[in-house]
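A.B. asks: based on what follows, work out the 3D shape:
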Amino acid sequence: MTKKCSACLKAKPLDEFNKSSARKHLDGRQGYCKVCSREKALARYKADPDKLNNRSRIWQAANPEKVKEHYQTERWKNQHRDVDQKRRAIKYNTESDNINRMIVWARDEGICGICNKSADVTNWHLDHIKSLCKGGTHTYGNVRVSHPSCNLSRKRD
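C.D. replies: I've put the predicted structure just below:
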């Protein structure tokens, strides 16, 4: 089944249109295709980027508990922890890979590389064997699993 996009006027399959609860009485899909919707959203943002940023700030000020809850999720912490380590590697001008934490966990079998005891899969650090600030790299060969307490208390070489 196809539908005609209101913006580009091309007939496209229904899966090329986002779902819309407001259009349940019709076909349940938006009038613009996904491509045109993205282009319109980008054009709105480029026309007034502060409008979206201000709306976001207002919502965050009105909903501090939801914002705090979002930033405390493990998924958010893991994503941003990895971004921070990559940023630090760039700062120290060292070699850097996109490290997948679960690959390191599986490789090390969940054993802390400092104390050789089992670590908690939900709370562990990606330790750099040779510190980034001392010329170490952010690569699989220079990272290992560690307990947060072990990693934070060890002296840097």
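A.B. asks: switch to C-alpha atoms for all contacts and neighbour counts from now on
C.D. replies: Fine.
A.B. asks: regarding C133, what is its secondary structure?
C.D. replies: Three-state assignment for C133 (DSSP: H, G, I helix; E, B strand; the rest coil): helix.
A.B. asks: shouldn't it be in contact with K91?
C.D. replies: No - applying Cα atoms under 8 Å, one finds C133 not in contact with K91, separated by 9.1 Å.
A.B. asks: list residues touching both of these two?
C.D. replies: Residues touching both C133 and K91 by Cα atoms under 8 Å, 6 or more residues apart in numbering: none at all.
A.B. asks: more neighbours: which of these two?
C.D. replies: The neighbour count for C133 versus K91, taken as other Cα atoms under 10 Å, is higher for C133 (15 against 11).
A.B. asks: residue contacts, the more buried one?
C.D. replies: Counted by Cα under 8 Å, 6+ apart, C133 has contacts Y92.
A.B. asks: quick one: the strands in the chain?
C.D. replies: Remark: strands assigned in the chain by DSSP state E are 2-4, 11-13, 17-19, 29-33, 125-128, 143-146.
A.B. asks: can you tell me which of those strands is most buried?
C.D. replies: strand 143-146 (a mean of 25; mean count of other Cα atoms under 10 Å).
A.B. asks: what's the one helix or strand in the chain whose mean pLDDT sits lowest in contact with?
C.D. replies: Within the chain, confidence by mean pLDDT, DSSP states H and E is lowest for helix 74-91 among all helices and strands, at a mean of 76. Helix 74-91 is touched from outside by 70-71, 95-99, 122, 132, 137-138, with contacts defined as Cα under 8 Å, 6+ apart.
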